[in-house]
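Q: Pasted the sequence and its predicted model underneath.
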Amino acid sequence: MDENAQDPNVLHLSRFGLTIFLAVIVLLPIAMLIFLWVSLPAKAENGLQVSLLIKNVADDQPALILTNESDEPLRNIGISLNDAFHFYNKTALEPGKELTVALRNFARKGGIPFSPDDHILTEVGVYAKLPNNSRGVFEVKSDKLLEDLQKAPARPSKPEVPSEP
């Protein structure tokens, strides 16, 4: 038998067949990822039982007051304003205690401080390590958040419990 001769019993892919095969190999994993992304529910973050309020403190400077309303201490507390200005507190915040942080103590990674005169406060995020070592999150967003937090404290919304008939 000739070296260059092809065995008639062996199957070969045509150009069209090879193109379809490669398209399936590439598109099938992408389609599976899209299906999983759409069909699976988003993982819910653990909520923090805290309240936020903004008051003028010493020297008439605005400060954010974070109160731990849970029964457990919160450790490694991180607070971010507008997802750009950050403050980190390593000491534990005991239940019922307050942490007061002047707004000028929040800074970007480059060291630029937050100023309510120069920046509009639209978002506050609080992140802390819970006793079970998971991360707890509390976020508040509003177009006029500075004014809202000066009027009343922001608290997590209570989940609605269905009433029995």
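A: Looks like it arrived, so ask away.

Q: any low-confidence regions in the chain?
A: Within the chain, the segments meeting pLDDT under 70 span 1-5, 44-45, 158-165.

Q: Let's verify the most centrally placed residue in the chain: helix, strand, or coil?
A: Nearest to the geometric centre of the chain sits V137, at 7.2 Å (CA atoms, centre = their mean). The three-state label given to V137 by DSSP: H, G, I helix; E, B strand; the rest coil is strand.

Q: mind listing what it touches?
A: E45, N46, G47, L48, G125, V126, Y127 (CB atoms under 8 Å, 6 or more residues apart in numbering). Yep, even glycine has a C-beta here, placed from its N, CA and C like the rest.

Q: close enough to count as contact, L121 and L81?
A: Yes: contact criterion CB atoms under 8 Å: L121 and L81 qualify, at 6.1 Å.

Q: Okay, and which of the contacts of V137 map to helices?
A: Taking DSSP state H, every one of the contacts of V137 sits outside helices.

Q: I'd like those as TSV, with neighbour count appended.
A: Shown next, in TSV, are these (neighbours: other CB atoms under 10 Å):
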residue	neighbour count
E45	13
N46	12
G47	15
L48	22
G125	16
V126	23
Y127	19
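
Q: now, which of these sits nearest N76?
A: Nearest to N76, judged by CB to CB, of the contacts of V137 is Y127 at 8.2 Å.

Q: All set, thanks.
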